[in-house]
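Asker: how does the following fold in three dimensions:
(chains A and B)
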Amino acid sequence: QKEVEQDPGPLSVPEGAIVSLNCTYSNSAFQYFMWYRQYSRKGPELLMYTYSSGNKEDGRFTAQVDKSSKYISLFIRDSQPSDSATYLCAPHSGNTPLVFGKGTRLSVIA
Amino acid sequence: DSGVTQTPKHLITATGQRVTLRCSPRSGDLSVYWYQQSLDQGLQFLIQYYNGEERAKGNILERFSAQQFPDLHSELNLSSLELGDSALYFCASRGSGNEQFFGPGTRLTVL
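Answerer: Residues are numbered from 1 along each chain as shown, chains lettered A, B, ... in the order given. Predicted structure coming up:
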């Protein structure tokens, strides 16, 4: 089993839709959970950062962590064409390198 | 803009050659991480430096090496290049928190 798994997509949604992006992981030592957004061939941009289980909201974005099932989600409300990108989840256990999923490619159609 | 800079943006070279990629972390960040992103492998951790010292190694080939200088910038050296080394190379810096901030990357093409 890979350490971090994501559905690669592509995921295509109409503008204004609610998007759900998900990751599963296998290492129970992970305590910090990050979501990065990467536009084509650009550097990953930190979008959300949560610690342990629970929810965190920032504008149209909500990150959710369920450590008991090792499941991470990112929700995007009122999706916009500018949200079209690859979304990477990256759990880690503190002062350690990030372990990335392969990313989910999202396309929001106007 | 993350505050992390990388040069050059693009590199095109031939097999067997050697190249150096440069990274300047955000002001005050002591940790630098190098990652490789290829189409089929996703983002893979290569190596980490903290204040000039190597802290962790990932799947870095023996042909690759890195260092971090007293001014905290870091260089990744890739030698005896092969076609399969073509990829995007990113560095990320980390301050006192756990967030890592990525640079814009260097796109390496080996012909």
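Asker: contacting residues around residue 109?
Answerer: Let's take chain A. A:S12, A:V13, A:P14, A:E15, A:P81 (CB atoms under 8 Å, 6 or more residues apart in numbering or on different chains). For glycine as for every other residue, the C-beta is placed from the backbone atoms N, C-alpha and C.
Asker: wait, chain B was what I had in mind.
Answerer: B:T109 touches B:H10, B:L11, B:I12, B:T13, B:S86, counting by CB under 8 Å, 6+ apart.
Asker: mind listing what the closest residue to the second one other than its chain neighbours touches?
Answerer: For B:L11, ignoring the flanking residues on the chain, the nearest one in space by CB to CB, 6 or more residues apart in numbering or on different chains is B:L108 at 4.9 Å. Residues touching B:L108, when contacts are defined by CB under 8 Å, 6+ apart, comprise B:L11, B:T13, B:V19, B:L21, B:L78, B:D85, B:S86, B:A87, B:L88, B:Y89.
Asker: try B:Q44
Answerer: Per CB under 8 Å, 6+ apart, neighbours of B:Q44: A:F100, B:Y35, B:Q36, B:Q37, B:S38, B:G58, B:N59.
Asker: which among those end up buried?
Answerer: A:F100, B:Y35, B:Q36, B:Q37 (16 or more other CB atoms under 10 Å in any protein chain shown).
Asker: chain B contacts on chain A?
Answerer: A:32, A:34, A:36, A:41-46, A:49, A:88, A:92, A:94-103 (CB under 8 Å from any CB of the partner chain).
Asker: need the buried ones from those selected in PyMOL.
Answerer: With 16+ other CB under 10 Å as the criterion, this PyMOL line picks the buried residues out of those:
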select buried, chain A and resi 32+34+36+43+44+45+46+49+88+92+96+97+98+99+100+101+102+103
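Asker: include secondary structure, pLDDT and neighbour count when you put the contacts of B:L108 into TSV, please.
Answerer: Formatted as TSV, the contacts of B:L108 follow (DSSP: H, G, I helix; E, B strand; the rest coil; pLDDT from 0 to 100; neighbours: other CB atoms under 10 Å in any protein chain shown):
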residue	secondary structure	pLDDT	neighbour count
B:L11	strand	97	19
B:T13	strand	97	16
B:V19	strand	98	18
B:L21	strand	98	21
B:L78	strand	98	24
B:D85	helix	96	21
B:S86	coil	96	17
B:A87	strand	96	21
B:L88	strand	97	19
B:Y89	strand	98	24
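Asker: can you name the two of those residues that are farthest apart?
Answerer: The largest distance within the contacts of B:L108, taken as CB to CB, falls between B:T13 and B:L88 and amounts to 14.9 Å.
Asker: and the strand or helix carrying the residue nearest to B:L11, how far out from the chain middle?
Answerer: Using DSSP states H and E, B:L108 maps to strand B:106-110. Strand B:106-110 sits 12 Å away from the centroid of its parent chain (CA atoms, centre = their mean, to the nearest Å).
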